[in-house]
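Q: Have a look; sequence and predicted model below, questions after that.
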Amino acid sequence: MTAEETLACFAQAIRNVEAPIPAFVSSWNTEQPARRFGVYRDNVLQGLIDALAARYPVTERLVGAQFFGGMARAFLEVHPPRSPVLLEWGEDLAEFAAVFPPASVLPYLPDVIRLETAKTRAYHAEDVAPIGAVDLEALSPGQLADLRLVAHPSLGLVRSAYPIASIVEMHEEGKEPDAALVWMPESVLVTRPALRVELRRLPAGAAVFVQRLAEGGTLGEAFVSATASDASFDAAWTMRILLESGAFTGRKD
Amino acid sequence: MTFSSTSNLPRKAGLGFKPQHFDAILQQRQPVGFFEIHAENYMGAGGPPHARLSRLREDYALSIHGVGLSIGSMQPLDEAHLERLAMLCDRYQPESFSEHLAWSSHDGTYLNDLLPLPYTEETLGRVVEHVDRVQTRLGRQMLLENPATYLIFRDSTRSETDFLREVARRSGCGLLLDINNVFVSATNHNTDPADYLQTFPLEQVSEIHLGGHHCTADEEGAPLLIDSHDAAVIDPVWALYERVLRQTSPLPTLIEWDNNVPAWDVLLNEAETAQALMDACPRAAAA
């Protein structure tokens, strides 16, 4: 057996708890060091569950540590981390939760996870100064309509049929769930203009507007889409929110 | 091989940096020689982690300690990960970079633990290649740390100390001596930690780690210690540290406390204990 085969067998036995303890390991007092090998199995499994919980603290509090542990274990089977940078691991968790049978009683869970994913992404995003109102002041209405903006690296948008921002906020550390939660759809803008991640609820039209801009549409195109989807779309208010939240970094030429 | 940059942390007690201590640390100049971070926690592009680390870097020496490079793997090194480490070292210019004699990835899957390897001619050759590659890419000497292990490989033909000595000799790397790991492994293998230290190439050691561990037992009722970094350093480990200090000059010494992280003053107290032992060591004046 080459050393590579030895480690391959070790890795396989770590990931499959049903597998026998490899014959090439031993200890001073036993030929079959099951408990000792189990330390590595536990370290790997629990370490990864803890890493996912550290990235999704709100989701963990929402579903409870036991449920989260079960979901993380099942997730890990299909989406093990492909790199040692665990702060990036778990991007597929929302899609996984959407088809994870035990989570079907929590239809809002995938969107809550999406929002938490967007928060973490924003937290670690590149530091770039956003544009301000002054950067757009000199533009004529025609120029404004043709303008395309560059999304800030921290920009995230999660549109949901559920009150996800309210759910996330009430499950943040030190908060108590609020029984008076109003069960309304919420679309949430996530940004980090400086060092703090900010969440803002957007009306339906504003969410469409941001989405079109983030996809590379012009302000004019975004305006048309937003107005078509929401008659009460308020362009001036939305532009103010976008500038205040630091959603964009510059103009695309 | 000679390097433009070798490990040059201050020969003082240092602490692992935890974000929850950031405000406490900034209150005043802290009596610590350096801070150590886990490289992988700083591999996002920006945000608060980098803001805090940049601020800390203005005032303190820095050790970057990798936990995910899988140097003990028999498969090729993860070049993408090595690039991330190079970027981090370029950005912060740490006084030291260290990694482990262990593996943590296989077939592209990251297993998030420091797993053991057999000590043979074959694994020695591969580890030396990997250490070479890391040092070449980073343009600096790295330190390799002795692992905490829970079992042994029947195939091993070399002792761990012999293996480490040979890696250091062939690659020119320095060593990071984790004395808690020495205690944990010796207990787990029913050997004497003093014997291990007796054969350890202390002249290659550029940093020491001290930490706490968790005690359990195997199915035979024999003690099984787990390297959990979640408690204070115990007296037998302090005693081994003093034994090492009697043979070396003071060395950069890190207190590792990564889980159940205590308040800043508790952590600082551990560093002060290490510093006091260093100051009292007979070779302190000569250093």
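A: Nice, I can see it.
Q: and A:E137, what are its phi and psi?
A: With angles defined as degrees, to the nearest 10, A:E137 sits at phi -60, psi -40.
Q: Tell me the spacing between it and chain B.
A: Using Cβ to the nearest Cβ, to the nearest Å, A:E137 is found at 28 Å from chain B. All C-beta spots, glycine's among them, are computed from the backbone N, C-alpha and C.
Q: Report how many residues lie close to that residue.
A: A:E137: 7 surrounding residues under other Cβ atoms under 10 Å in any protein chain shown.
Q: before we move on, what about the one 5 residues further on?
A: Close neighbours of A:G142, defined as other Cβ under 10 Å, add up to 9.
Q: same deal with A:R121?
A: By other Cβ under 10 Å, 22 other residues sit near A:R121.
Q: cool, A:T6 as well?
A: Using other Cβ under 10 Å as the criterion, A:T6 is surrounded by 21 other residues.
Q: can you tell me the helix or strand for B:S185?
A: Here B:S185, judged by DSSP states H and E, is contained in helix B:179-188.
Q: Off-centre distance for that helix?
A: 14 Å (Cα atoms, centre = their mean, to the nearest Å).
Q: Stretch A:219-227 too?
A: For stretch A:219-227, the distance to the chain centre is 27 Å (Cα atoms, centre = their mean).
Q: List the contacts of that stretch.
A: Stretch A:219-227 is contacted by residues A:144-149, A:205-206, A:208-210, A:212-213, A:217, A:233, A:235, A:238 when judged by Cβ atoms under 8 Å, 6 or more residues apart in numbering or on different chains.
Q: Apply 6 Å and report the result again.
A: Residues from elsewhere that reach stretch A:219-227 (Cβ atoms under 6 Å, 6 or more residues apart in numbering or on different chains): A:L144, A:A145, A:L147, A:G205, A:V208, A:F209, A:R212, A:L213, A:F233, A:A235.
Q: from these, which would you call buried?
A: A:L147, A:G205, A:V208, A:F209, A:R212, A:L213, A:F233 (16 or more other Cβ atoms under 10 Å in any protein chain shown).
Q: Of all pairs in those, which one is the farthest apart?
A: Greatest spatial distance among the buried ones among the contacts of stretch A:219-227 (Cβ to Cβ): A:L147 and A:G205, at 18.5 Å.
Q: quick one: which of the contacts of stretch A:219-227 is nearest B:E207?
A: Among the contacts of stretch A:219-227, A:L213 lies closest to B:E207 (Cβ to Cβ), at 50.2 Å.
Q: what's the closest non-adjacent residue to that closest one?
A: Distance criterion Cβ to Cβ, 6 or more residues apart in numbering or on different chains; nearest residue to A:L213, sequence neighbours excluded, is A:A222 at 4.9 Å.
Q: Same check on B:E166?
A: Excluding the flanking residues, the one nearest B:E166 by Cβ to Cβ, 6+ apart is B:L124, at 5.9 Å.
Q: Ok, A:F248 next?
A: Distances taken as Cβ to Cβ, 6+ apart place A:L149 nearest to A:F248, at 4.1 Å, with adjacent residues excluded.
Q: Tell me which residues touch the residue lying farthest from the centre of chain B, please.
A: Within chain B, the residue lying farthest from the chain centre (Cα atoms, centre = their mean) is B:E220, at 30.7 Å. Neighbour list for B:E220: A:N29, A:T30 [criterion: Cβ under 6 Å, 6+ apart].
Q: And it, what's its pLDDT?
A: What the model reports as pLDDT for B:E220 is 92.
Q: cool, the one 10 residues further on as well?
A: Reading off the confidence values, B:D230 has pLDDT 92.
Q: Next up, the contacts around it.
A: B:N259, B:N260.
Q: Please apply the same query to A:M184.
A: Applying Cβ under 6 Å, 6+ apart to A:M184 gives the contacts A:P163.
Q: Return the backbone torsion pair for it.
A: According to degrees, to the nearest 10, A:M184 has phi -130, psi 150.
Q: For the stretch 151-253 of chain A, which residue gets nearest to chain B?
A: Closest contact between the stretch 151-253 of chain A and chain B, by Cβ to the nearest Cβ, is at A:L195 (5.3 Å).
Q: So that residue is in contact with B:G47, correct?
A: No - judged on Cβ atoms under 6 Å, A:L195 makes no contact with B:G47 at a distance of 7.1 Å.
Q: Who has more neighbours out of the two?
A: Between A:L195 and B:G47, B:G47 has the larger neighbour count (other Cβ under 10 Å), namely 23 against 13.
Q: close enough to count as contact, the more buried one and A:H124?
A: Yes - using Cβ under 6 Å, B:G47 is in contact with A:H124, at 4.9 Å.
Q: The longest helix along chain A packs against which elements?
A: As assigned by DSSP state H, the longest helix anywhere in chain A is helix A:34-55. Contact partners of helix A:34-55 among helices and strands, from 3 or more Cβ pairs under 6 Å, 6 or more residues apart in numbering or on different chains; DSSP states H and E: helix A:3-15, helix A:65-78, strand B:109-115.
Q: Ok, which of those comes nearest B:A39?
A: Across the helices and strands packed on helix A:34-55, B:A39 has its closest neighbour in strand B:109-115 (13.7 Å, Cβ to Cβ).
Q: Quick check: next helix or strand after the closest one?
A: Tracing the chain past strand B:109-115, the next element assigned as helix or strand by DSSP H and E is helix B:121-138.
Q: which other residues reach that next one?
A: For helix B:121-138, contacts defined as Cβ under 6 Å, 6+ apart pick out A:3, B:71, B:74, B:77, B:82, B:86, B:89, B:117, B:142, B:166-167, B:170-171, B:173.
Q: Equivalent analysis for stretch B:275-283, please.
A: Residues from elsewhere that reach stretch B:275-283 (Cβ under 6 Å, 6+ apart): B:A13, B:E242, B:L245, B:S249, B:P250.
Q: Report the mean per-residue pLDDT for it.
A: Mean pLDDT, stretch B:275-283: 90.
Q: Now do the buried residues in that stretch.
A: Buried residues in stretch B:275-283, counted by 16+ other Cβ under 10 Å: B:Q275, B:L277, B:M278, B:C281.
Q: pull the CA atoms of that stretch into PDB?
A: The C-alpha coordinates for stretch B:275-283 follow below in PDB (Å, rounded to 0.1, in the frame of the first residue of the first chain):
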ATOM      1  CA  GLN B 275       6.700  35.500  30.200                       C
ATOM      2  CA  ALA B 276       7.600  35.100  33.900                       C
ATOM      3  CA  LEU B 277       9.000  31.600  33.200                       C
ATOM      4  CA  MET B 278      11.000  33.000  30.300                       C
ATOM      5  CA  ASP B 279      12.300  35.900  32.300                       C
ATOM      6  CA  ALA B 280      13.400  33.400  35.100                       C
ATOM      7  CA  CYS B 281      15.100  31.000  32.700                       C
ATOM      8  CA  PRO B 282      18.900  30.900  33.200                       C
ATOM      9  CA  ARG B 283      19.700  31.800  29.600                       C
END
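Q: For that stretch, what is the distance to the chain centroid?
A: In terms of Cα atoms, centre = their mean, the centre of stretch B:275-283 is set 21 Å apart from its chain centre.
Q: can you check stretch B:141-159 too?
A: Distance of stretch B:141-159 from the chain centroid (Cα atoms, centre = their mean) equals 14 Å.
Q: Tell me if that stretch is near chain A.
A: Yes - counting by Cβ under 6 Å from any Cβ of the partner chain, chain A has neighbours in stretch B:141-159: B:Y150, B:L151, B:I152, B:F153, B:R154, B:D155.
Q: ok, which residues in the stretch 151-287 of chain B are in contact with chain A?
A: The stretch 151-287 of chain B comes close to chain A at residues B:L151, B:I152, B:F153, B:R154, B:D155, B:H189, B:N190, B:D218, B:E219, B:E220, B:A222, as judged by Cβ under 6 Å from any Cβ.
Q: For these, could you give me TSV that also reports distance to A:A74 and secondary structure?
A: Listed next are these as TSV, based on distance: Cβ to Cβ, whole Å; DSSP: H, G, I helix; E, B strand; the rest coil:
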residue	distance to A:A74	secondary structure
B:L151	28	coil
B:I152	33	strand
B:F153	32	strand
B:R154	35	coil
B:D155	35	coil
B:H189	36	coil
B:N190	39	coil
B:D218	30	coil
B:E219	29	coil
B:E220	34	coil
B:A222	35	coil
